[in-house]
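Student: task: produce atomic coordinates for the following.
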Amino acid sequence: MGSEGPKSVVIHVTGFKKFNVFATNPTETVVSNLRKYVEKTGLPPGVSIGSCTILETAGDGALPALQKLLESSVSSENNSGSKEVVWLHMGLNGGASKIAIEKQAVNEATFSCPDELGWQPKRLPIVPEDGEITRIRETACFVDAILEYLNNVKGCDATISDDAGRFVCNYVYYHSLRFAERNGHKSLFVHVPPFSRINEETQMQFMVALMEAIAFSC
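Tutor: Okay, the predicted model is just below:
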């Protein structure tokens, strides 16, 4: 873990389009407005934003677009080795009251309802060549250090989770973790509540704080 100050980090950020009863997904709003927001507030030391992308809230049907997005970073100038590359994914947890940093993803797709493209798998491996649906991939990010920085230094009220569900968020996170491991990147997923529980401005502030925490913990 970095203890001498923030390292140089390029962060690719993703959110999701509408989901089920949530016609407006807070992650779409936050990610869409992130660049303009940091133009006013400034970026944390050592941090640059590589891309801001809104993903379809879907699994298998949206996989080609996800893979293309991930692979686009491999040949980018930001992947020259001079910067740490981090994939930061945002997802909505409609029943949550706190923002949760997800430690891991599971190789299982069991959707409680159809995704936005109509797919509803049951107990299927996300990546069959990875083996059983019990296979777990953990983030290489130092989540404990990130949480401590967020809550004790930046005054946030976040928590850590070891269960990202089995729906689209877990599906995307698993693919991202697998890609990151193979390409020397890092990947992290954050679940946020609806704006009715944590408003837009607070979530925007949290994302900037989170990027700073990532830079300090790399």
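Student: beta partners of residue 106?
Tutor: residue 136 (DSSP bridges).
Student: could you report the pLDDT at it?
Tutor: pLDDT for residue 106: 98.
Student: same question for residue 81.
Tutor: 59.
Student: for residue 22, same thing?
Tutor: 77.
Student: same deal with residue 3?
Tutor: pLDDT at residue 3 comes out at 48.
Student: tell me which residues in stretch 26-41 are buried?
Tutor: 26, 27, 28, 29, 30, 31, 34, 37, 38 (16 or more other C-beta atoms under 10 Å). Quick note: C-beta positions are derived from backbone N, CA and C, even for glycine.
Student: who's in contact with the helix or strand in which the third one is found?
Tutor: Residue 28 belongs to helix 26-41 when elements are defined using DSSP states H and E. Judged by C-beta atoms under 8 Å, 6 or more residues apart in numbering, the contacts made with helix 26-41 from elsewhere in the structure are 13-18, 49, 52-54, 90-92, 192-195, 200, 203-204, 207-208.
Student: in the chain, which helix is the longest?
Tutor: Longest helix in the chain by number of residues (criterion: DSSP state H): helix 200-217.
Student: for that helix, C-alpha coordinates in CSV please.
Tutor: Below are the C-alpha coordinates for helix 200-217, written out as CSV (Å, rounded to 0.1, in the frame of the first residue of the first chain):
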residue,chain,number,x,y,z
GLU,A,200,-26.9,13.6,-6.0
GLU,A,201,-24.4,16.2,-4.6
THR,A,202,-23.4,13.9,-1.8
GLN,A,203,-22.8,11.0,-4.2
MET,A,204,-20.8,13.3,-6.5
GLN,A,205,-18.6,14.3,-3.6
PHE,A,206,-18.2,10.7,-2.6
MET,A,207,-16.9,9.7,-6.0
VAL,A,208,-14.2,12.4,-6.0
ALA,A,209,-13.3,11.3,-2.4
LEU,A,210,-13.2,7.7,-3.6
MET,A,211,-10.9,8.5,-6.5
GLU,A,212,-8.6,10.2,-4.0
ALA,A,213,-8.7,7.2,-1.7
ILE,A,214,-7.8,4.9,-4.5
ALA,A,215,-4.8,7.0,-5.4
PHE,A,216,-3.6,7.0,-1.8
SER,A,217,-4.1,3.3,-1.3
